[in-house]
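The following comprises the amino acid sequence and a computationally predicted model.
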Amino acid sequence: MPNAHDEPIAEQIDELPKLGELARLFDIPQAMVHYYERANLLPGVTRDRYGRRRYSAESQDRLRLLLDLRDLGFQVGQIQVALETAPADETPEQRRASQVERLTALEYLIDQRLRSGRRARATVRGLRAQLYD
């Protein structure tokens, strides 16, 4: 039987967005949210007292990152490798170092794509300017 301390937690969970609300918030299909969940890329998903999924701030932040990485052309497999949790048999220091290494590699790839995007934008602007010469 729930005690008085359980009620605020349940009420807080009930305030988190449900699947449909989250999908509308990010303007994506609900199936995409499910896809990222199945790929173990969406942490912080909980269920309310009725069994409906609720999405924490951590889930929402991660979803924003996933969508941004998708927009930059990253494949789900690449994202999984970059964001995966280190093996449990590693020490906390090893896990942290491994995660830092993977995130640093991802940051480098993001920087490469941004540089490529800036070069492409400059080229397109040049082509457009030639039309007015």
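Arrived safely. This is a predicted model, so every value here is computed, not measured.

now the one helix or strand Leu65 maps to: how far from the chain's centre is it?
Per DSSP states H and E, Leu65 falls inside helix 57-71. Offset of helix 57-71 from its chain centre (Cα atoms, centre = their mean, to the nearest Å): 3 Å.

Just the CA coordinates for that helix, please, in PDB.
Taking C-alpha atoms only, helix 57-71 is exported to PDB below (Å, rounded to 0.1, in the frame of the first residue of the first chain):
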ATOM      1  CA  ALA A  57      14.200  16.100 -18.600                       C
ATOM      2  CA  GLU A  58      17.100  13.700 -19.200                       C
ATOM      3  CA  SER A  59      15.100  11.900 -21.900                       C
ATOM      4  CA  GLN A  60      14.100  15.100 -23.500                       C
ATOM      5  CA  ASP A  61      17.600  16.400 -23.600                       C
ATOM      6  CA  ARG A  62      18.900  13.100 -25.000                       C
ATOM      7  CA  LEU A  63      16.100  13.100 -27.700                       C
ATOM      8  CA  ARG A  64      17.200  16.600 -28.700                       C
ATOM      9  CA  LEU A  65      20.800  15.400 -29.100                       C
ATOM     10  CA  LEU A  66      19.700  12.300 -31.100                       C
ATOM     11  CA  LEU A  67      17.700  14.500 -33.500                       C
ATOM     12  CA  ASP A  68      20.500  17.000 -33.900                       C
ATOM     13  CA  LEU A  69      23.000  14.100 -34.600                       C
ATOM     14  CA  ARG A  70      20.500  12.600 -37.100                       C
ATOM     15  CA  ASP A  71      20.200  16.000 -38.800                       C
END
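
can you pull the buried residues of that helix?
59-60, 62-63, 66, 69 (16 or more other Cβ atoms under 10 Å). Placement of C-beta: from N, CA and C, glycine included.

Mind putting those residues into JSON lines with distance to Pro17 and pLDDT?
As requested, the buried residues of helix 57-71 are exported to JSON lines (distance: Cβ to Cβ, whole Å; pLDDT from 0 to 100):
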{"residue": "Ser59", "distance to Pro17": "9", "pLDDT": "94"}
{"residue": "Gln60", "distance to Pro17": "7", "pLDDT": "95"}
{"residue": "Arg62", "distance to Pro17": "14", "pLDDT": "95"}
{"residue": "Leu63", "distance to Pro17": "10", "pLDDT": "96"}
{"residue": "Leu66", "distance to Pro17": "16", "pLDDT": "96"}
{"residue": "Leu69", "distance to Pro17": "21", "pLDDT": "96"}
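
Right, I'll call it a day here.
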